[in-house]
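Peer 1: Give me the fold of what follows.
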Amino acid sequence: MTIDEAVLLLKASQAKGLTTLQEIVLRSSWEGKTYTNIANEADYGEERVRKVAAHLWQVLSDFCKEPIDQSNFRQTLENHHLSKAHQQLVKEFNKAATAISLEFPSGPVSLNSRFYIPRLPIEELAYAEIAEPGSVICIKAPRKMGKSSLILRLLTRANNQGFRTATLNFQQVDKAVFANLDKFLRWFCANVCRELQLEPKLNDYWDEDMGSKVSCSIYFQQYLLSALESPLVLVLNDVDWVFKYQEIAGELLSLIRTWHERAKGVEIWQKLHLVLVYSTEILVSIKQTQSPFNIGLRINLPPFTKEQVQDLAQRHGLDWTDGKDAESLMAMVGGYPYLVRLAFYHLVGKGGLEGDLEQLLQQAPTETGIYHEYLRQYVLTLQDQPDLGDALSEVINATNSVKLEPALAYKLQSMGLINLEGDRSIPACELYRLYFRQYLKTSAQNSGCNSTATFDRKLRSEKGFDLFE
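Peer 2: Numbering: from 1, shown residues only. Prediction:
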């Protein structure tokens with residue numbers, strides 16, 4: 001039994017469900033925290049925490065038919081499987097709750113969502129690392145893989161520990177900011193201050209004679225970090241967006257590496273905890289000794305496993321315990337979180353596909369399928385970047401893996417359209433292979449017309465209007 005199953009079982013079996021404190025005690029005890037730590041972090045009296053815990057251990061002892069206390073709680077539950085009666089109880093609870101709280105999968109999964117699937121042990125490693133002085137966490141995964149949901153939980157954990165937090169998204173930066181390194185680093189410092197509600201005092205610390213990188217470091221050390229009483233967790237999102245600006249990217253990445261190394265000997269730099277979030281391999285020429293991507297904790301978010309898909313099905317009130325339906329869905333969409341969640345939304349919601357997995361899968365790679373609108377967003381990108389369309393066409397029409405130009409392969413991988421096995425490319429899932437094969441054609445198959453142009457004309461003819469105007 002996992003901690004999530006234990007929480008669900010208690011929510012389903014107790015007349016009033018679980019209180020916030022009860023769930024905190026359960027999850028914190030699972031992580032090995034003491035009653036004193038739990039009381040301090042949750043801001044409750046220790047005696048109250050102990051009383052709540054004692055009640056929970058008794059309830060769980062009754063379920064498992066053996067004594068449970070804080071010392072053996074996790075070990076006992078991990079060795080204990082839900083009985084059929086308890087599985088039915090959880091199933092009915094999930095079905096009732098889903099009818100009320102069904103969520104369309106869009107953006108990060110909210111903190112209180114019942115549909116969030118923990119990525120263990122990745123999350124526990126990240127939570128532990130973020131608390132370390134001068135830490136660096138590098139999170140890499142294609143789009144729609146759950147990076148934002150994990151970041152949301154990391155920031156919440158940091159805030160609960162009394163840390164300050166700030167997030168910069170490089171995809172939102174105006175192109176003019178990338179005009180030169182000095183302009184970019186001034187933007188960088190000013191926006192960190194804005195996130196922290198500090199007055200930007202760039203001119204007081206910037207010195208042209210010392211250079212932009214030194215000025216930026218001085219600004220962080222003597223002003224920004226000195227102004228904070230607690231550590232700062234700084235999330236740099238969409239770092240790969242900077243890769244196209246080779247000079248700026250190289251200087252920024254080496255600067256971040258320098259800050260991390262300074263934390264080993266300069267106490268104030270230990271207050272800076274960095275999280276770098278990106279979707280693709282680094283495309284900047286930079287020495288290994290200057291790269292921040294080979295230090296700290298490196299996380300590659302994987303697709304859902306079969307067990308996680310079954311867990312999510314259960315949370316939607318579906319009985320997929322035999323594993324066959326999970327295998328069928330994954331054969332089409334892999335374990336990609338967004339694609340899996342969208343399928344469950346339609347299987348449980350009122351989209352005309354209630355419980356009809358076979359019909360959903362038949363329609364999936366067609367323009368009447370549930371993924372059509374989502375996939376058309378890729379089409380727009382491929383239309384704007386014909387070289388990507390041609391590269392994808394080569395991959396999906398091949399019978400074996402294909403070796404692409406690295407820049408194209410990494411871009412398609414960051415979009416989630418292909419997987420890389422060494423330097424060889426394959427379609428990320430059967431859905432993409434079938435959907436794009438319907439449109440993208442090689443020039444030889446279309447009398448000299450390139451694949452992207454063919455796709456463009458096909459989309460323009462759909463439903464009698466121009467999708468690109």
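
Peer 1: Look up how far Ser13 lies from Ala6.
Peer 2: 11 Å (Cβ to Cβ, to the nearest Å). Just so you know, the C-beta spots here come from the backbone N, C-alpha and C atoms, and that holds for glycine as well.

Peer 1: Who has more neighbours out of the two?
Peer 2: Ala6 (23 against 16; other Cβ atoms under 10 Å).

Peer 1: Let me see the contact set for that one.
Peer 2: Leu26, Leu60, Leu77 (Cβ atoms under 8 Å, 6 or more residues apart in numbering).

Peer 1: I'd assumed His80 was in contact with the second one.
Peer 2: Okay, so that is Leu60. No - applying Cβ atoms under 8 Å as the test, Leu60 and His80 come out as separate, 9.1 Å apart.

Peer 1: and the two? which has more neighbours close in?
Peer 2: Leu60 (22 against 18).

Peer 1: Contacts only, for the more buried one.
Peer 2: Ala6, Leu10, Ile68, Phe73, Thr76, Leu77.

Peer 1: Mind picking the two most distant members of these?
Peer 2: Farthest pair in the contacts of Leu60 (Cβ to Cβ) is Leu10 and Thr76. Separation: 14.6 Å.

Peer 1: Who wins on neighbours among the contacts of Leu60?
Peer 2: Busiest of the contacts of Leu60 [other Cβ under 10 Å] is Ala6, holding 23 neighbours.

Peer 1: Which strand or helix spans it?
Peer 2: helix 3-13 (DSSP states H and E).

Peer 1: try Tyr378
Peer 2: Secondary structure (DSSP H and E) places Tyr378 in helix 372-384.

Peer 1: Quick check: buried residues in the next helix or strand after that helix?
Peer 2: Under the assignment DSSP H and E, the closest C-terminal helix or strand after helix 372-384 is helix 386-396. Using 16 or more other Cβ atoms under 10 Å as the test for burial, helix 386-396 gives Leu388, Gly389, Asp390, Ala391, Leu392, Ser393, Glu394, Val395, Ile396.

Peer 1: now do stretch 116-128
Peer 2: Tyr116, Ile117, Arg119, Ile122, Ala126.

Peer 1: ok, which stretches of the stretch 1-150 of the chain are strands?
Peer 2: Along the stretch 1-150 of the chain, the segments classed as strands by DSSP state E, counting those that start in this stretch run 136-140.

Peer 1: all helices of it, in order?
Peer 2: Along the stretch 1-150 of the chain, the segments classed as helices by DSSP state H, counting those that start in this stretch run 3-13, 20-30, 35-42, 46-64, 73-78, 84-101, 122-130, 147-160.

Peer 1: The last one vs helix 35-42, what angle?
Peer 2: Relative orientation of helix 147-160 versus helix 35-42 (axes from the mean of the first three to the mean of the last three Cα atoms, to 10 degrees): 110 degrees.

Peer 1: Same question for the fourth one.
Peer 2: Orientation check (the same axes, to 10 degrees): helix 46-64 against helix 35-42 gives 110 degrees.

Peer 1: Can you give me the buried ones in helix 46-64?
Peer 2: Quick answer for helix 46-64 (16+ other Cβ under 10 Å): Val49, Arg50, Val52, Ala53, Leu56, Trp57, Leu60, Phe63, Cys64.

Peer 1: okay, the helices of the stretch 1-150 of the chain in a markdown table with distance to Lys213 and mean pLDDT next?
Peer 2: Listed next are the helices of the stretch 1-150 of the chain as a markdown table, based on distance: least, Cβ to Cβ, whole Å; pLDDT from 0 to 100:
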| stretch | distance to Lys213 | mean pLDDT |
| --- | --- | --- |
| helix 3-13 | 45 | 83 |
| helix 20-30 | 42 | 85 |
| helix 35-42 | 38 | 81 |
| helix 46-64 | 48 | 88 |
| helix 73-78 | 47 | 88 |
| helix 84-101 | 49 | 72 |
| helix 122-130 | 26 | 93 |
| helix 147-160 | 26 | 94 |
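
Peer 1: could I get those as a markdown table with distance to Ile256?
Peer 2: Below are these laid out as a markdown table (distance: least, Cβ to Cβ, whole Å):
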| stretch | distance to Ile256 |
| --- | --- |
| helix 3-13 | 34 |
| helix 20-30 | 32 |
| helix 35-42 | 30 |
| helix 46-64 | 40 |
| helix 73-78 | 37 |
| helix 84-101 | 40 |
| helix 122-130 | 16 |
| helix 147-160 | 17 |
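
Peer 1: To His316, which of those lies closest?
Peer 2: helix 84-101 (5.3 Å).

Peer 1: so what's the closest residue to Met1 other than its chain neighbours up against?
Peer 2: Once flanking residues are discounted, Met1 sits nearest to Leu77: 4.6 Å by Cβ to Cβ, 6 or more residues apart in numbering. Going by Cβ under 8 Å, 6+ apart, Leu77 touches Met1, Thr2, Ile3, Ala6, Leu60, Cys64, Ile68.
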